[in-house]
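**Q** got a structure for you, letters missing:
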């Protein structure tokens with residue numbers, strides 16, 4: 001099954017599963033895990049990856065998480081995140097081309113740089129298509145799970161109302177109750 005560009009961004013960001021009560025789970029912690037994830041998503045065909053590649057892709061992933069938090073009205077340093085995305089675009093050698101008169105971005109790098117470029121090209125597509133503002137990261141402390149806000153008014157704040165949303169609303173209720181006592 002082919003995932004959409006926005007689904008790929010969400011899945012990429014969610015390769016780190018944060019837990020408030022136990023150690024985080026990172027699906028990209030080793031070169032082998034990173035290569036497997038990239039292959040499964042059609043972003044990498046063959047070759048060896050290094051720990052440096054892992055660090056670079058994690059930097060890209062966490063920059064995207066920062067921007068998704070910004071899309072959810074969380075105060076973050078979006079400028080630094082965009083600077084990393086910009087560096088990744090250069091690394092991927094993303095070029096504007098006009099095959100058959102139709103403008104499109106083409107990633108001309110090879111190997112892991114190609115995968116980096118393709119992820120950044122998906123970000124560009126989400127911006128152009130208008131889906132970018134709907135890509136968000138959960139506001140709940142310790143979660144930051146990426147999701148697509150499909151609410152008509154784009155008002156979702158949490159990945160799930162039944163887990164993070166209820167916990168956050170209960171915390172807010174307790175804070176208000178303590179403050180009024």
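**A** Now that the structure is in, tell me what you want to look at. Everything numeric in this text was worked out from a predicted model, so none of it was measured.

**Q** From now on I want contacts and neighbour counts done on CA atoms only, so please keep to that.
**A** Noted.

**Q** Show me the helices in the protein, by range?
**A** Secondary structure of the chain, counting by DSSP state H: helices at 5-13, 31-40, 51-71, 78-91, 111-129, 166-180.

**Q** Comparing those helices by mean pLDDT, which bottoms out?
**A** Mean pLDDT per stretch puts helix 166-180 lowest among the helices of the chain, at a mean of 65.

**Q** Quick check, residue 97 in contact with residue 108.
**A** No - counting by Cα atoms under 8 Å, residue 97 sits too far from residue 108 to count as a contact (10.6 Å).

**Q** ok so, going back, for the helices of the chain, give me a markdown table that also has mean neighbour count and distance to residue 155.
**A** Below are the helices of the chain laid out as a markdown table (neighbours: other Cα atoms under 10 Å; distance: least, Cα to Cα, whole Å):
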| stretch | mean neighbour count | distance to residue 155 |
| --- | --- | --- |
| helix 5-13 | 20 | 18 |
| helix 31-40 | 17 | 31 |
| helix 51-71 | 20 | 11 |
| helix 78-91 | 17 | 20 |
| helix 111-129 | 20 | 18 |
| helix 166-180 | 11 | 15 |
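
**Q** which one of those lies closest to residue 147?
**A** Among these, the nearest to residue 147 by Cα to Cα is helix 5-13 (6.0 Å).

**Q** Give me the helices and strands touching the closest one, please.
**A** Using 3 or more Cα pairs under 8 Å, 6 or more residues apart in numbering; DSSP states H and E, the elements in contact with helix 5-13 are helix 51-71, helix 111-129, strand 146-148.

**Q** and the second one, what other elements does it pack with?
**A** Using 3+ Cα pairs under 8 Å, 6+ apart as the contact test, the elements touching helix 111-129 are helix 5-13, helix 78-91, strand 104-107.

**Q** circling back to that earlier point, a markdown table for the helices and strands packed on helix 5-13, including distance to residue 104?
**A** Shown next, in a markdown table, are these (distance: least, Cα to Cα, whole Å):
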| stretch | distance to residue 104 |
| --- | --- |
| helix 51-71 | 22 |
| helix 111-129 | 10 |
| strand 146-148 | 24 |
